[in-house]
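Novice: Take this sequence and fold it.
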Amino acid sequence: MCKMHELTNLELHFIVQELQRLVGTHLEQVYGAGDERFRLKFRGASGGEVIVDLKRKLIYFTKRVEKSEAEPDDFVSGLRRRLENAKVEAVEQHKFDRVVVFRLRSKEGTFNLIIEIFSNGNIVVCDDSLAIVQCLRREEWKDRKIAVHEKYIFPHSGPFEPGALGDAKLDAMMTEKHIIATLARAVPLGTIYLEEALAKADISPTEKGREVETKRLKALASAIKEIMTAKVFSVHHLERGPQFSCYPLSDYESAKRTEYKTLSECIDEALAAAPAEPAVDQKLLHEKEKLEHALREQKEALAGFEKEEAESREKADAIYASYQEVEEKLKEAREKGKHKIELEL
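Specialist: I've put the predicted structure just below:
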């Protein structure tokens, strides 16, 4: 089975462009779709349904009808209560990072619905001052914490202006490190697109940046610009499963490729064509968890027995090592008729 890649920063850039049509619409309903997937239904002439898939790290428009959970859980109920019929005032990608911010105004006030599609993924609702009022999961890092009543801090992102990237800027950021490592930090397009740009410029990902001459750096800047502006949204039909992209990838050039007008259509179609994931048998899963629990208990008991055995062995070894002394003490006791023997082992 082919695992579909997560949305890259560049792909999210294009998805957020598609989401601009939602500005002025109203968030009619939020549905839980299971397995950390959510459906956001927007009402209006340019509305539609948006899937937020935190497990796969995807967000996209869908035209497919999916079954929602019979009863909303506490998280979905909270979203409905706060954001019912909220008007979309803006949709933004924060600093070209994998973070989407919906600016919403509802009868409850102004809220920021923040969707993080990196790490574990998260959905966070903040008030107008970015104080967190609801979150899917609590998380904590060295420099930021996601929890109710905490102030939301965006993940740290270096400055990146797609339109200002040229060969002179690329030359200035080159170091003695592998060029792919330097680019991954400074030009957050996604590894698959950086590798494609390097291939087009005839640069190995493991070449040291400082050793790449000006001619090839110019070719690299040109390749990056082409990838960022081409907007060739495709599904590559590979033997191991479909893959979507926003630019034709040379790694997949031998595979059939279908183009679509939007990246959302690509993702929607690729997911529909992907082999179904095997269903999880909940009964077997429960039995597996019980067996794993029993195994842990047995291991703990075994460790206890081994500890007791080691202690007994130490005592036996001490007695054996003092065997001569024991014999002498016993002999002395028999001669004196003592019933109590004191030994120091």
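Novice: Averaged pLDDT, stretch 215-227. What do you get?
Specialist: Averaging pLDDT along stretch 215-227 gives 95.
Novice: So that it lines up with my notes, have the first residue be 9 from now on.
Specialist: Got it, first residue is 9 now, which makes that one stretch 223-235.
Novice: where exactly do the strands run in this protein?
Specialist: Along the chain, counting by DSSP state E, strands occupy 34-42, 45-51, 56-61, 66-70, 94-101, 107-114, 117-124, 130-134, 140-143, 147-148, 153-154, 241-246, 249-253, 264-268.
Novice: CA-only coordinates of the fourth one in PDB, if you can.
Specialist: Yep, that's strand 66-70 we're talking about. Output of strand 66-70 as PDB, limited to C-alpha atoms (Å, rounded to 0.1, in the frame of the first residue of the first chain):
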ATOM      1  CA  LEU A  66      -4.400  17.100   4.800                       C
ATOM      2  CA  ILE A  67      -6.900  19.900   4.300                       C
ATOM      3  CA  TYR A  68      -8.900  20.200   1.100                       C
ATOM      4  CA  PHE A  69     -12.300  20.800  -0.500                       C
ATOM      5  CA  THR A  70     -14.300  17.600  -1.100                       C
END
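Novice: That strand versus strand 249-253: what angle between them?
Specialist: If you take axes from the mean of the first three to the mean of the last three Cα atoms, to 10 degrees, strand 66-70 sits at 90 degrees to strand 249-253.
Novice: Please work out the average pLDDT along strand 66-70.
Specialist: Strand 66-70 comes out at a mean pLDDT of 98.
Novice: starting at the chain centroid, how far to that strand?
Specialist: Offset of strand 66-70 from its chain centre (Cα atoms, centre = their mean, to the nearest Å): 16 Å.
Novice: quick one: low-confidence parts of the stretch 109-258 of the chain?
Specialist: Filtered on pLDDT under 70, the stretch 109-258 of the chain yields no residues whatsoever.
Novice: Next, the contact list for residue 81, please.
Specialist: Applying Cβ atoms under 8 Å, 6 or more residues apart in numbering, one finds that residue 81 lies in contact with residue 40. (Each C-beta comes from the backbone N, C-alpha and C, glycine too.)
Novice: returning to that earlier point: out of the strands of the chain, nearest to residue 225?
Specialist: Of all the strands of the chain, strand 249-253 sits nearest to residue 225, with 24.4 Å by Cβ to Cβ.
Novice: Packing partners of the closest one?
Specialist: Secondary-structure packing of strand 249-253 (3 or more Cβ pairs under 8 Å, 6 or more residues apart in numbering; DSSP states H and E): strand 241-246, helix 271-281.
Novice: returning to what we had before: mind putting the strands of the chain in a markdown table, mean neighbour count included?
Specialist: Below are the strands of the chain laid out as a markdown table (neighbours: other Cβ atoms under 10 Å):
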| stretch | mean neighbour count |
| --- | --- |
| strand 34-42 | 18 |
| strand 45-51 | 19 |
| strand 56-61 | 21 |
| strand 66-70 | 23 |
| strand 94-101 | 17 |
| strand 107-114 | 20 |
| strand 117-124 | 20 |
| strand 130-134 | 21 |
| strand 140-143 | 19 |
| strand 147-148 | 12 |
| strand 153-154 | 16 |
| strand 241-246 | 19 |
| strand 249-253 | 22 |
| strand 264-268 | 14 |
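Novice: TSV for these, including distance to residue 86?
Specialist: Listed next are the strands of the chain as TSV, based on distance: least, Cβ to Cβ, whole Å:
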stretch	distance to residue 86
strand 34-42	9
strand 45-51	12
strand 56-61	15
strand 66-70	20
strand 94-101	13
strand 107-114	13
strand 117-124	11
strand 130-134	8
strand 140-143	5
strand 147-148	17
strand 153-154	15
strand 241-246	34
strand 249-253	32
strand 264-268	35
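Novice: nearest to residue 100, of the helices and strands packed on strand 249-253?
Specialist: helix 271-281 (17.1 Å).
Novice: Could I have the CA atoms of that closest one written out in CSV?
Specialist: C-alpha atoms of helix 271-281 as CSV (Å, rounded to 0.1, in the frame of the first residue of the first chain):
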residue,chain,number,x,y,z
LEU,A,271,-5.0,20.7,-5.8
SER,A,272,-8.1,19.9,-3.7
GLU,A,273,-9.5,17.8,-6.6
CYS,A,274,-6.2,16.0,-6.9
ILE,A,275,-6.2,15.1,-3.2
ASP,A,276,-9.9,14.1,-3.3
GLU,A,277,-9.4,11.9,-6.4
ALA,A,278,-6.1,10.4,-5.1
LEU,A,279,-7.8,9.4,-1.8
ALA,A,280,-10.8,7.9,-3.6
ALA,A,281,-8.5,5.8,-5.8
